[in-house]
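Q: Kindly generate the corresponding structure for this input.
(2 chains)
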Amino acid sequence: DAGVTQSPTHLIKTRGQQVTLRCSPKSGHDTVSWYQQALGQGPQFIFQYYEEEERQRGNFPDRFSGHQFPNYSSELNVNALLLGDSALYLCASSRESGYTFGSGTRLTVV
Amino acid sequence: GDSVTQMEGPVTLSEEAFLTINCTYTATGYPSLFWYVQYPGEGLQLLLKATKADDKGSNKGFEATYRKETTSFHLEKGSVQVSDSAVYFCALGGSNFGNEKLTFGTGTRLTIIP
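A: You can find the predicted model right below:
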């Protein structure tokens, strides 16, 4: 049974560009959450999607947006990238029994 | 708002030493508490959890007890191994875990020397 799959694993973008990160949840999971983990820090909650709607949102600007598809997969979009957006972006899927995390996408903004 | 304060690292121990990583929290209501572990280049793995006061979570020799009176959830292991080297995160979530966000501490990097 595949766990949470994230793509790409690494990417490098230039300041001001836009980026899309993708997540396929674990089989049977219907909820997807996104977290940002800066170097040396704990993950910070960005938002959570359920039934294709944003259910909760953390303290992140509107440059961060997302989407959930009917098959429960999800995308995280970040516009107007800043150097400070460089981080590991973690996707976590869940149902009621708890979270399963993916290995993350390492985004570097130069 | 909710917050988690975790023991500053890094922590370096010899194999078979006793481990304690301190974690305290601030939250409204009755949160669930978690310890996650992150190995190099990987995502987070749930190590153990506790959902109410005085619960003890345990897994792979690690233990943590939910202490409401001291708002703490310290991680302990009696005899660490080199394979325990990783970053450990304390986190809190709602009682409806899986549907509520997690709030993490800053992490403690543990290195075990043979």
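
Q: Beta-bridge partners for whichever residue of chain B sits closest to chain A, please?
A: Residue of chain B nearest chain A, by Cβ to the nearest Cβ: B:Phe104 (3.4 Å). Yep, even glycine has a C-beta here, placed from its N, CA and C like the rest. Beta-bridge pairing of B:Phe104 under DSSP bridges involves B:Ala91.

Q: Pretty sure it sits against B:Val4.
A: Yes - counting by Cβ atoms under 8 Å, B:Phe104 does reach B:Val4; the two are 6.3 Å apart.

Q: any idea how far the one residue sitting closest to the centre of chain B is from A:Pro43?
A: Geometric centre of chain B, nearest residue: B:Trp35, 3.1 Å, by Cα atoms, centre = their mean. Noted for B:Trp35: a distance of 14 Å to A:Pro43, by Cβ to Cβ, to the nearest Å.

Q: what is in contact with the two at once?
A: B:Phe89 (Cβ atoms under 8 Å, 6 or more residues apart in numbering or on different chains).

Q: mind checking which helix or strand the residue nearest to B:Pro10 when sequence neighbours are not counted is in?
A: Nearest non-adjacent residue to B:Pro10, counting by Cβ to Cβ, 6 or more residues apart in numbering or on different chains: B:Arg109, 4.1 Å away. Under the criterion of DSSP states H and E, B:Arg109 resides in strand B:108-113.

Q: three-state assignment of A:Gly84?
A: helix (DSSP: H, G, I helix; E, B strand; the rest coil).
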